[in-house]
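**Student:** Based on what follows, work out the 3D shape:
(one chain, ligands or ions: 1)
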Amino acid sequence: MNAIEATDVHVTLGGQPIVRGVDLTVPTGQVLALLGANGSGKSTLVRALLGVVPHVSGSVRLLGRPLGRDVPWRRVGYVPQRMAAGGGVPTTALEVVVSGLLDGRRLRPPRDARARALAALDALGVADLHDRRVQDLSGGQQQRVLIARALVREPSLLVLDEPTSGIDLPTQDTFVTALSSLRDAGTTVVVILHEIGPFAPLIDRAVVLRHGRVVHDGAPPPARGEHGEAGHDHTHPHADPEPPSEGPDLTLEVTR
Ligand SMILES: Nc1ncnc2c1ncn2[C@@H]1O[C@H](COP(=O)(O)OP(=O)(O)OP(=O)(O)O)[C@@H](O)[C@H]1O
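**Tutor:** The predicted structure is shown next:
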């Protein structure tokens, strides 16, 4: 079965065509990197695949079901682009992760929620921060908490939007380790990346977007692509001289 089947997806935001006819079939168990310059439509595409923004035409199936109520959402994990994990509400890291175990039908977390949440935090190397308020954590620590929140669901399909932007190398390595165990468990992963970097050995396939269209679909570009080589300029964080314009661009790159 395919985890994602998207056909001719078009998304328009603010009157502008942002995703322009994307076909994307992701077989179960594949680890796919979605690459492209700032503003090429990567986040918008994954949001449309998950139904967070509507697509104006085309069709999307997730885990065998048409996008909508029939999708087994409990089996889908999503880590959006960097955002304040706790907003204005004082919330501990543990609570954020436990919230990953809640869904519409379940008002109380399962009995083993605490143990599972602690294990997820531990997998990301931040178990010791479990009773700290998320808003007091650094950006990279918050990002790890959000990834733990997605992992605790043990999703069949995990979608990550730039999970490593602004986090340091040791944290990236922790994340690479967490991702490789997911891969070994047969989880389908779609990950938006700026640089393939340490993920190279884990990536089965790379899709590069430019101006809302797929311009490459196949082998991942080299980890440190040479300038001028296919894939390089689309994956480099500073390649696009145009700053991203209006929109919910939440990538506040604190450490860059
Ligand atoms: N709600 C919105 N209204 C209007 N335009 C939007 C909206 N959201 C995004 N856009 C625009 O859509 C384009 C694609 O944005 P998107 O965030 O999908 O790109 P991206 O490839 O993920 O970029 P980045 O690498 O910077 O995260 C950008 O030009 C952005 O300004």
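**Student:** all helices for the chain, in order.
**Tutor:** Per DSSP state H, the chain carries helices over the ranges 42-49, 93-99, 113-123, 139-151, 169-184, 232-235.
**Student:** What is the burial count for residue 3?
**Tutor:** When neighbours are counted by other CB atoms under 10 Å, residue 3 registers 25. C-beta here means a position set from N, CA and C on the backbone, and glycine is covered the same way.
**Student:** could you check the distance from it over to residue 75?
**Tutor:** To residue 75, residue 3 is 10 Å away according to CB to CB, to the nearest Å.
**Student:** between the two, what contacts are shared?
**Tutor:** Jointly contacting residue 3 and residue 75 under the rule CB atoms under 8 Å, 6 or more residues apart in numbering are 63, 156-157.
**Student:** between these, which is closest to the ligand?
**Tutor:** Closest approach to the ligand among the shared contacts of residue 3 and residue 75 (CB to the nearest ligand atom): residue 157, at 18.9 Å.
**Student:** Just to check, that closest one is in contact with residue 65?
**Tutor:** No: Residue 157 lies out of contact with residue 65 (CB atoms under 8 Å); the separation is 11.5 Å.
**Student:** Please identify which of these two sits among more neighbours.
**Tutor:** Legend: neighbour count by other CB under 10 Å for residue 157 and residue 65, higher for residue 157 (23 against 13).
**Student:** Show the contacting residues for the more buried one.
**Tutor:** By CB under 8 Å, 6+ apart, the contact set of residue 157 is 3-4, 62-63, 75-77, 187-190.
**Student:** With pLDDT and distance to the ligand as added columns, please give the residues you listed in a markdown table.
**Tutor:** Shown next, in a markdown table, are those (pLDDT from 0 to 100; distance: CB to the nearest ligand atom, whole Å):
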| residue | pLDDT | distance to the ligand |
| --- | --- | --- |
| 3 | 97 | 20 |
| 4 | 98 | 17 |
| 62 | 95 | 19 |
| 63 | 95 | 23 |
| 75 | 90 | 24 |
| 76 | 90 | 19 |
| 77 | 87 | 19 |
| 187 | 94 | 22 |
| 188 | 96 | 20 |
| 189 | 95 | 17 |
| 190 | 95 | 13 |
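**Student:** which residues does the residue nearest to residue 64 when sequence neighbours are not counted contact?
**Tutor:** Spatial nearest neighbour of residue 64, excluding adjacent residues (CB to CB, 6 or more residues apart in numbering): residue 1 at 5.4 Å. Listed by CB under 8 Å, 6+ apart, the contact set of residue 1 reads 27-28, 63-64.
**Student:** Out of those residues, grab the one that's most surrounded.
**Tutor:** In terms of neighbours by other CB under 10 Å, the contacts of residue 1 top out with residue 63 at 20 neighbours.
**Student:** follow-up on the earlier one: from residue 189, how far off is the residue nearest to residue 64?
**Tutor:** Residue 1 is 16 Å from residue 189, by CB to CB.
**Student:** Surely residue 175 is in contact with residue 126?
**Tutor:** No: checked against CB under 8 Å, the pair residue 175 and residue 126 is beyond contact range at 11.1 Å.
**Student:** Overlap of the contact sets of the two?
**Tutor:** The contact sets of residue 175 and residue 126 overlap at residue 144 (CB under 8 Å, 6+ apart).
**Student:** could you point out where this structure is predicted with low confidence?
**Tutor:** For the chain, applying pLDDT under 70 flags the ranges 82-90, 103-108, 166, 223-256.
**Student:** where's the residue sitting furthest away from the middle of it relative to residue 95, distance?
**Tutor:** Each residue of the chain has a distance to the centre, and by CA atoms, centre = their mean the biggest one is for residue 111: 27.7 Å. From residue 111 across to residue 95, the span is 16 Å (CB to CB).
**Student:** likewise residue 204?
**Tutor:** From residue 204 across to residue 95, the span is 35 Å (CB to CB).
**Student:** before we move on, what about residue 153?
**Tutor:** Using CB to CB, residue 153 is found at 15 Å from residue 95.
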